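the sequence isn't on hand, but the structure is:
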């Protein structure tokens, strides 16, 4: 096949009768197009040379699928070109940014903290959640302090509200896990719950013993919690951050309340009224309002 990808002749204004001063705009347009065309032609023949030398490279394989390298003749003016400044064009798949929102678990640039001024609005405990997760209640109390009062009535006993570095809000709450919803346990105790009459019932109809609110939050066994968040919140990274934080708390002998007392205990002043000469101090800088992101991160973070 002769003349495969042979260069077409280019217009040279220096060889024609042309008034450059009268047609300045066209001259500038021509010079810009000629400079761009010369650079593209030079890079093309460089790529031909590169593909012949590197046959196993992905860019060379993709380039060879478009052109017949064995039929391309490199002009003499481009045969001595160096490959140091070659610009390899990547395909669209390799050029486009790849953001793995569903599978990425990298939390190097992600952080979250407990907040008290923003929370999700929930109509009831039956409102749908994004995930059901199993957590140890005592570890939650140790890591983030006592839970806040729930907004779901008798369906729950406590909840935690969080905010992450994307300013999205999350909510973790229990759902019908204590006798606060199911009522008091039978006075007979285990004698009733382990009786033959109760055991003969199907598992979902058997009466079971439910813990009290105090027993539930002091429990060291995993319990089911409901995780709720905003529509566009990255709950996967938040879940990774939450489990990572709970693992770190296990090795720390001090709880969240003890650390808060060491840091803000000197700011708390209570006047019990036994000393009438003592002037009571009204503390306006309440410790609970200082639990923002600066408490969990240093100035460098």
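Now that the structure is in, tell me what you want to look at. Quick caveat: nothing in here was measured; it's all calculated off a predicted structure. Numbering: from 1, shown residues only.

how about residue 237: what's its closest non-neighbour residue?
Leaving out its chain neighbours, the residue that sits closest to residue 237 by C-beta to C-beta, 6 or more residues apart in numbering is residue 110, at 5.0 Å. (C-beta placed from N, C-alpha, C; glycine too.)

got the contact list for residue 42?
78, 81 (C-beta atoms under 8 Å, 6 or more residues apart in numbering).

if I look at it, how far off is residue 183?
From residue 42 across to residue 183, the span is 84 Å (C-beta to C-beta, to the nearest Å).

likewise for residue 52?
Residue 52 is 83 Å from residue 183, by C-beta to C-beta.

just want to know which of these two has more residues nearby.
Neighbour count, other C-beta atoms under 10 Å: between residue 52 and residue 183, residue 52 has more, with 14 against 9.

verify the stated contact: residue 224 with residue 175.
Yes: assessed by C-beta atoms under 8 Å, residue 224 is found in contact with residue 175 at 7.3 Å.

which of the two has more neighbours?
Between residue 224 and residue 175, counted using other C-beta under 10 Å, the more crowded position is residue 175 (18 against 12).

wait, what's in contact with the more buried one?
The neighbours of residue 175, taking C-beta under 8 Å, 6+ apart as the test, are 125, 152, 155-156, 224-226.

scan the residues you listed and report the most crowded one.
Neighbour max across the contacts of residue 175 (other C-beta under 10 Å) = residue 156, 24 neighbours.

ok, now how distant is that residue from residue 2?
Residue 156 is 82 Å from residue 2, where distance means C-beta to C-beta.

likewise for residue 24?
Taken as C-beta to C-beta, the span from residue 24 to residue 2 is 41 Å.

higher neighbour count, the two?
More crowded of residue 24 and residue 2, by other C-beta under 10 Å: residue 24, with 10 against 6.

phi and psi next, for that one.
When read as degrees, to the nearest 10, the backbone of residue 24 gives phi -70, psi -40.

list the buried ones in stretch 175-187?
175-181, 185 (16 or more other C-beta atoms under 10 Å).

which stretches in the chain count as strands?
Under the criterion DSSP state E, the chain contains strands at 112-114, 131-135, 159-164, 169-174, 223-229.

same list (these) but as TSV, adding distance to residue 213 and mean pLDDT.
Output for the strands of the chain, formatted as TSV (distance: least, C-beta to C-beta, whole Å; pLDDT from 0 to 100):
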stretch	distance to residue 213	mean pLDDT
strand 112-114	20	93
strand 131-135	16	94
strand 159-164	13	94
strand 169-174	10	94
strand 223-229	13	94
